[in-house]
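*Asks:* Starting from these lines, generate the structure:
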Amino acid sequence: MIENFLVRKNISLKVKITVKSLISAGIVALAVILPQLVHIVAGQAGGVQWLPMYMPVLLGGCLLGWTWGLGIGIASPIVSFLVTLAFGNPMPALARLPFMVVELAVFASVSGAFSKKIVANAWMAFPAVLLAQIAGRTVFMLLAVIFQSVTPFTPAVIWSQVQTGLLGLLLQSIIVPFTVMGLKLLLDRGKND
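*Replies:* Numbering: from 1, shown residues only. Prediction:
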């Protein structure tokens, strides 16, 4: 979606990369800060229930496409881990980090695959987010099954976390598409200028 706007404005490649990099950095920063705020307000259980890192990643995929979204999905949990490790309480925990990297990469890639369709029809943000959520959670569950002998995550534990996070995913499946649609309206305002 952002790519379409930049092309329409006839922006040079160097400026496009700069703009996308800045947006990506802002989204990754939001993916680090938002979980901290949720943990302050709702405790550690709030993170599992509301899944605050997922929302910026989904947004990044929808706005920037699958390639930039993939970078956001991979970077967000790693940057969060490194920043919070410096303060002595890493989030996500080291054991969960590889799982979240893969899961969020799937979230962002799948939602990003819809980016061009969202340009044509902003309502496509809804299936983009829903399919990304289903694919990401499914991959996480499959990883838990595959690696259950070497990690503390069993399929039962992950399934319990999936169920706990359903309300957060439902809320995000509404907030992210409407945010994308609002941003698209703003970007399209100058379309005929």
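*Asks:* Quick check: nearest residue in space to Ala45, chain neighbours excluded?
*Replies:* Once flanking residues are discounted, Ala45 sits nearest to Thr164: 8.0 Å by CB to CB, 6 or more residues apart in numbering. Just so you know, the C-beta spots here come from the backbone N, C-alpha and C atoms, and that holds for glycine as well.
*Asks:* just checking, the one you found touches Gln49?
*Replies:* Yes. Thr164 lies in contact with Gln49 (CB atoms under 8 Å); the separation is 5.5 Å.
*Asks:* Of these two, which one has the most company?
*Replies:* It is Gln49, of Thr164 and Gln49, that has more neighbours when counted by other CB atoms under 10 Å, with 17 against 14.
*Asks:* so which helix or strand takes in that one?
*Replies:* helix 13-50 (DSSP states H and E).
*Asks:* tell me the mean pLDDT for that helix?
*Replies:* Mean pLDDT, helix 13-50: 95.
*Asks:* Quick one: name whatever helix or strand follows it.
*Replies:* Next in sequence after helix 13-50, counting helices and strands by DSSP H and E, comes helix 54-85.
*Asks:* Give the residue spans of this structure that score low on pLDDT.
*Replies:* 190-193 (pLDDT under 70).
*Asks:* And for Ala144, nearest residue in space, chain neighbours not counted?
*Replies:* Nearest one to Ala144, counting by CB to CB, 6+ apart, is Ile158 at 4.1 Å.
*Asks:* The one you found: which element?
*Replies:* Per DSSP H and E, Ile158 falls inside helix 155-164.
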